[in-house]
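**Student:** the following comprises the amino acid sequence and a computationally predicted model.
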Amino acid sequence: MTRRVALITGGMGGIGTAVCRKLAKSNGNVVVANCLPGYPQKDAWLAAMRKEGLENVHAAEGDVSDFDSTAAMVRQVEAEVGPVDILVNNAGVVRDNMLKKLALSEWMAVINSNLNSVFNVTKNVIDGMTERGWGRVVNMSSVNGQKGQFGQTNYSAAKAGVHGFAKALAQEVIRKGVTVNSVSPGYVETDMVKSIRKDVLDKLVAGIPIGRLAQPAEIAALVAFLTSEEAGYITGANIAINGGMYMV
Ligand code: CAA
């Protein structure tokens, strides 16, 4: 059994927690959940993982929207846990507003956390993966990066961008045993989605063919497959998981 170190950015959020749990249960993986420096729920989150019997889960504080903070975090993970073999670029935020009302700060917050973060983290782990001849990178994109969404020029641009990044990098590293893919969830039952105004969310859910939100574990199962040994021939792909909301 090969020991793999998996780093999940935003690893203590809705989808992030489910991905950590799933990867920690996959043979051989050691999981590192990234969170923001000083994240107040860090210890409680780790304690909950221990309670589930997951001893192989660690935490790493770092602001992935900031290059230097990210670099310092990755060096610390390498020293304390080991070099990163699996990277799940999952951290993200929303600042929904129609463009006419969208502030520059709301644009920048989403581009920094959802798109620049993918550069910041991947840049700090990719050489190690190619040198060792094995790696998996999965970017959390979104159905709204594929179809666009009213009120989300910032988020849709960032989520489309992370898959452009994946397609380009996939070509650069596949001959070194590293795959780079994106996953595009639809609306998942997380705090992020629950923060949408109820009347707006009800209308959105009514328009999803499956008629319900996704569960975080359903997204995690797909991420686990893409990061497994068996998925070595899948690269540059963007896999939709949206209950039929948008079919490409
Ligand atoms: N298409 C066309 N018109 C729309 C529309 C749509 N999808 N949604 C709203 N409108 C119209 C409204 O009917 C309204 O028209 P009138 O002025 O004629 O009444 C007008 O646009 C303004 O709409 P709101 O009253 O909703 O405007 P607001 O400023 O109060 O709110 C908003 C705007 C914050 C963007 C709100 O509409 C909203 O929250 N939308 C949901 C955005 C969304 O889906 N976010 C996903 C977050 S979760 C996530 O992103 C995870 C993921 O990956 C999927």
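**Tutor:** Looks like it arrived, so ask away.
**Student:** the ligand versus Leu54, what's the distance?
**Tutor:** As for Leu54, its distance to the ligand is 26 Å (criterion: CB to the nearest ligand atom, to the nearest Å). Using the backbone N, CA and C atoms, a C-beta is placed for each residue, glycine as well.
**Student:** my read: that residue touches Leu23, true?
**Tutor:** No: with contacts counted by CB atoms under 8 Å, Leu54 stays clear of Leu23, the gap being 9.9 Å.
**Student:** overlap of the contact sets of these two?
**Tutor:** By CB atoms under 8 Å, 6 or more residues apart in numbering, Leu54 and Leu23 have these common neighbours: Val31.
**Student:** looking at those two, which one has more neighbours?
**Tutor:** Leu23 (26 against 16; other CB atoms under 10 Å).
**Student:** sec struct for Ala240, please.
**Tutor:** strand (DSSP: H, G, I helix; E, B strand; the rest coil).
**Student:** now it: closest residue in space, sequence neighbours ignored.
**Tutor:** Excluding the flanking residues, the one nearest Ala240 by CB to CB, 6 or more residues apart in numbering is Ser184, at 4.9 Å.
**Student:** which residues touch the residue of the chain at minimum distance from the ligand?
**Tutor:** Residue of the chain nearest the ligand, by CB to the nearest ligand atom: Gly151 (2.2 Å). Taking CB under 8 Å, 6+ apart, we find Gly151 in contact with 96-98.
**Student:** for Val205, state which of those is nearest.
**Tutor:** Proximity of those to Val205 (CB to CB) peaks at Asp96, which lies at 16.4 Å.
**Student:** what ranges do the helices span in the protein?
**Tutor:** Ranges of helices in the chain, per DSSP state H, are 14-24, 42-51, 67-80, 104-110, 117-132, 143-147, 153-173, 191-194, 198-206, 216-226.
**Student:** contacts for the third one?
**Tutor:** So that's helix 67-80. 5, 7, 32, 34, 37, 58, 60-64, 84, 117, 119-121, 123-125, 128.
**Student:** at 10 Å what do you get?
**Tutor:** 5, 7, 9, 32, 34, 36-37, 58, 60-64, 66, 83-84, 87, 116-117, 119-125, 128 (CB atoms under 10 Å, 6 or more residues apart in numbering).
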